[in-house]
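Chemist: sequence unavailable; structure follows:
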């Protein structure tokens with residue numbers, strides 16, 4: 001059992017889900033972290049659903065880009081967190097999440113966009 005990758009889900013409107021470290025915990029444990037955020041208000045599927053509220057936040061260590069935590073507030077957050085759990089369980093990096101094809105338009109795109117933002121590469125953030 002890997003307790004660092006147990007997701008927490010809150011079934012409210014909007015939904016809330018997280019896995020791994022908070023930004024504060026990551027900064028305490030690692031000297032340098034990268035933070036990426038992407039709002040659902042810039043996601044085509046969320047806009048089409050009328051679900052503009054919320055964001056995805058990714059926390060990664062700077063040296064290798066390993067993902068330390070993911071926090072999602074928004075539509076279907078409790079479903080979307082599974083991608084983060086699998087990524088963290090397999091010690092995926094920001095680059096690996098970015099390289100994975102995310103279909104368009106989907107609610108999973110903000111995960112990829114948050115990873116891109118952590119590296120200063122987000123082009124759809126608005």
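Modeler: Received it, and whenever you're ready, just let me know what you need. Quick caveat: nothing in here was measured; it's all calculated off a predicted structure.

Chemist: pull the residues that contact the helix or strand encompassing residue 57.
Modeler: Using DSSP states H and E, residue 57 sits within strand 55-61. Outside strand 55-61, the residues that touch it by C-beta atoms under 8 Å, 6 or more residues apart in numbering are 20-23, 26, 30, 32-40, 66-74, 80, 84, 93-94, 97, 110-111, 113-115, 117-118. Where you see a C-beta, it was placed from the backbone N, CA and C, and this is true even at glycine.

Chemist: redo that, cut-off 6 Å
Modeler: Strand 55-61 has contacts (C-beta atoms under 6 Å, 6 or more residues apart in numbering) with 23, 26, 30, 33-39, 67-73, 94, 110-111, 114-115, 118.

Chemist: for stretch 108-120, same thing?
Modeler: With contact meaning C-beta under 6 Å, 6+ apart, stretch 108-120 is reached by 34, 36-38, 43, 56, 58, 60, 83, 94, 97-98, 102, 122, 124.

Chemist: try it again at 8 Å.
Modeler: For stretch 108-120, the surrounding residues in contact (C-beta under 8 Å, 6+ apart) are 34-40, 42-46, 55-58, 60, 65, 67, 70, 72, 74, 80, 83-84, 94-95, 97-98, 100, 102, 122-125.

Chemist: residue boundaries of the helices in the protein?
Modeler: 23-29, 44-49, 77-89, 94-99, 109-118 (DSSP state H).
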